[in-house]
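Asker: let me see the structure of the following:
(one chain, ligands or ions: 1)
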Amino acid sequence: MIAKPIVGILAFQGDFAKHEQAFAKLKCETRLVKSPSQLEACEYLVIPGGESSVIDRFVKSTQLAEPIKRFASNRPVWGTCAGMILLATHVVNDRTISPLSLLDITIERNGYGRQFDSFIDVGQVTFGAKPEPLEMVFIRAPKITNIGAEVVRLGSCRNETVIVRQGNVIATSFHPELTASTRFQQYFLSLKH
Ligand code: GLN
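Answerer: This next block holds a predicted model:
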């Protein structure tokens, strides 16, 4: 029997339970991560959506920043929404957050503004040879305002880049765990080898 991939989900705050459900559909084993030793037992890590300032504080108080950086050097890490903010190199409008600098992007928190605070739309993703449509849920989403040369754009919606990847590290400004499709999660799981 092929071993089930072990997906760790950072579980201090936010919608980590929805991520567990989505990975369960793909027959993955999920583990909630709140400490460096729990992280070490995983093959993948998800940093969920929620409040980036709150998750940032927990990451610091539990001494998880350095272990997450080491993890990302050889295992896939995915940040959604608040998780994307935590993976960035710069956050233009919040000085209290010190992001992990694992993805060379600049982020504006809540960058879609009031009018489009939250919305659902169909965007485009490119995981294979051809672009594909994907339903995307945005909730007070961060906007990417600058993208470094090493970063690949894998998805867009309303003329904005909404999926970026740099090596093992990938981030979405929307919430794949809130829609029925597991297309994004399947792509994330394929980053392993
Ligand atoms: N607005 C939140 C933040 O800035 C992110 C929202 C989300 O993760 N859905 O942290």
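Asker: going forward, measure contacts and count neighbours with C-alpha atoms only.
Answerer: Will do.
Asker: contact residues of the protein facing the ligand?
Answerer: Within the chain, the residues that sit near the ligand (C-alpha under 6 Å from any ligand atom) are 49-52, 81-82, 109-110, 139-141.
Asker: let's see 5 Å
Answerer: Neighbours of the ligand within the chain, by C-alpha under 5 Å from any ligand atom: 49-52, 81-82, 109, 139-140.
Asker: PyMOL command to pick out the buried ones of the residues you listed?
Answerer: A single PyMOL command selects the buried members of the residues of the chain next to the ligand (16 or more other C-alpha atoms under 10 Å):
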select buried, resi 49+50+51+52+81+82+109+139+140
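Asker: from the residues of the chain next to the ligand, which land in helices?
Answerer: 52, 82 (DSSP state H).
Asker: reformat the residues of the chain next to the ligand as TSV; add pLDDT.
Answerer: Listed next are the residues of the chain next to the ligand as TSV, based on pLDDT from 0 to 100:
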residue	pLDDT
49	97
50	97
51	96
52	97
81	98
82	97
109	96
139	96
140	95
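Asker: which one of the residues of the chain next to the ligand is nearest residue 179?
Answerer: Distance ranking of the residues of the chain next to the ligand against residue 179, using C-alpha to C-alpha, places residue 139 first at 12.9 Å.
Asker: from residue 172, how far off is the closest one?
Answerer: Distance, residue 139 to residue 172, using C-alpha to C-alpha, to the nearest Å: 12 Å.
Asker: check which helix or strand covers the residue nearest the centre of the chain.
Answerer: When the chain is reduced to its mean C-alpha position, the closest residue under C-alpha atoms, centre = their mean turns out to be residue 79, at 1.5 Å. Using DSSP states H and E, the element containing residue 79 is strand 77-80.
Asker: for residue 60, same thing?
Answerer: Using DSSP H and E, the element containing residue 60 is helix 52-61.
Asker: tell me what that helix is packed against?
Answerer: The contact analysis (3 or more C-alpha pairs under 8 Å, 6 or more residues apart in numbering; DSSP states H and E) places helix 52-61 against helix 82-87.
Asker: pLDDT of the helix or strand just after the helix it packs on, averaged?
Answerer: Scanning forward in sequence from helix 82-87 by DSSP H and E, the next helix or strand is strand 90-91. Averaging pLDDT along strand 90-91 yields 97.
Asker: what residues does strand 90-91 touch?
Answerer: 85, 97, 99, 101, 105-109 (C-alpha atoms under 8 Å, 6 or more residues apart in numbering).
Asker: between these, which is closest to the ligand?
Answerer: Checking the contacts of strand 90-91 against the ligand with C-alpha to the nearest ligand atom, the nearest one is residue 109 at 4.7 Å.
Asker: not counting sequence-adjacent ones, nearest residue to the closest one?
Answerer: Closest residue to residue 109 apart from its sequence neighbours, by C-alpha to C-alpha, 6 or more residues apart in numbering: residue 142 at 4.5 Å.
Asker: just list the residues touching the one you found, thanks.
Answerer: 81-82, 84-85, 107-112, 173.
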